[in-house]
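Peer 1: Turn this into a model:
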Amino acid sequence: MNKIINFDENILKNNFLIYFLKSLEELKNNERIVIWLSGWNSLKIFYEELKNNFWDIEKNLRNKIYFCFLDERVVDFEDDDSNYKLCKNLFLDYLVEKWVIKKEQILLPDLSLSNYELDYFDKVKKIDIWLFWVWEDWHTCSLFPNHKLLDDNSYSYLKISDSPKLPKNRITISKSMLEDIKYAFVFFIWESKQEALNNFLDKNVSYKNCPVKLILNCENVNLIVKK
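Peer 2: Here you go, the predicted structure:
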């Protein structure tokens, strides 16, 4: 596990970019490279770093990149609860407007369908890189502590209709699909995440109680900490 720990914001985001670009380079022979985004304002400085440097990625590699979402709330994409809306406003719209990527490189679930989780799995069967912000309750995606979805061993996207956090209806990835991701970037930003970080690193804490620990089963984990 790589650890990027620094108090200086500029150093932290520059180091993130170095590791991120290295991950892209190692995936350059893939037919496509799927990057899983987390919708939260605390990742703003890192999304801005991607926004400001995406044009410098070699064109053939850039054309292989597709963005999808860690999980999504079952709301209109213009709703403030939408993860997509946040990422769209922070940097995706800019990349499309500047012709850095095409709109088709942003993969969204069709929430108008009854089986929207199956539809999304058809679009996103494999994820290569994910960027994840950690919450104080240690959930990851919409896999919450001691939730029944943690017992689901399918390789798929899943519906959740009883989320402990509103809105209750969401789409999330299964733990088997999550653990198959090659490059994980997990962000513990702010002092309020210290307890979550301690549990993440504590070998005696089960993933059932701290689902974010599932990330440790990914092949390459980059831990990014700002106190």
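Peer 1: make it CA atoms for all contacts and neighbour counts henceforth
Peer 2: Noted.
Peer 1: And the nearest residue to Leu107 once chain neighbours are set aside, how close does it get to Lys126?
Peer 2: Among residues not flanking Leu107 along the chain, Cys68 sits closest, at 5.0 Å (Cα to Cα, 6 or more residues apart in numbering). Cys68 is 11 Å from Lys126, where distance means Cα to Cα, to the nearest Å.
Peer 1: can you map out the strands along the chain?
Peer 2: 2-5, 33-37, 65-69, 71-73, 129-133, 157-160, 170-173, 183-189, 220-226 (DSSP state E).
Peer 1: Give the other helices and strands that the third one contacts.
Peer 2: Other helices and strands packing on strand 65-69, by 3 or more Cα pairs under 8 Å, 6 or more residues apart in numbering; DSSP states H and E, are strand 33-37.
Peer 1: List of residues touching the strand it packs on?
Peer 2: With contacts defined as Cα atoms under 8 Å, 6 or more residues apart in numbering, strand 33-37 is touched by 24, 27, 64-70, 87, 124, 126-132.
Peer 1: In the chain, which residue sits furthest out from the middle?
Peer 2: Asn204 (25.3 Å; Cα atoms, centre = their mean).
Peer 1: Next one, pLDDT for that one please.
Peer 2: Here, the pLDDT recorded for Asn204 equals 92.
Peer 1: From Lys213, how far off is it?
Peer 2: When Asn204 is compared with Lys213 (using Cα to Cα), they lie 11 Å apart.
Peer 1: Please point out which parts of stretch 43-55 sit buried.
Peer 2: The neighbour-count check on stretch 43-55 (16 or more other Cα atoms under 10 Å) flags 43, 46-47, 49-51, 54 as buried.
Peer 1: Where is pLDDT lowest across the residues you listed?
Peer 2: Leu43 (86).
Peer 1: List the neighbours of the lowest-mean-pLDDT helix or strand in the chain that are in contact with it.
Peer 2: Among the helices and strands of the chain, strand 2-5 carries the lowest confidence by mean pLDDT, DSSP states H and E, at a mean of 71. Under the contact criterion Cα under 8 Å, 6+ apart, strand 2-5 has outside partners 12, 15-16, 220-226.
Peer 1: Please, a ChimeraX command that selects the buried ones among the residues you listed?
Peer 2: Command for ChimeraX that selects the buried part of those, burial taken from 16+ other Cα under 10 Å:
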select :12,16,220,221,222,223,224,225,226
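Peer 1: Pick out the lowest-pLDDT one from the contacts of strand 2-5.
Peer 2: Lys226 (77).
Peer 1: What's opposite it in the beta bridge?
Peer 2: Taking DSSP bridges as the rule, Lys226 bridges to Ile189.
Peer 1: so it makes contact with Leu197?
Peer 2: No: the pair Lys226 and Leu197 does not pass the contact test of Cα atoms under 8 Å, sitting 11.0 Å apart.
Peer 1: intersection of neighbour lists for the two?
Peer 2: In contact with both Lys226 and Leu197: Phe188, using Cα under 8 Å, 6+ apart.
Peer 1: Just want to know which of Cys68 and Lys126 has more residues nearby.
Peer 2: When Cys68 and Lys126 are compared for neighbours, Cys68 comes out ahead with 22 against 19, by other Cα atoms under 10 Å.
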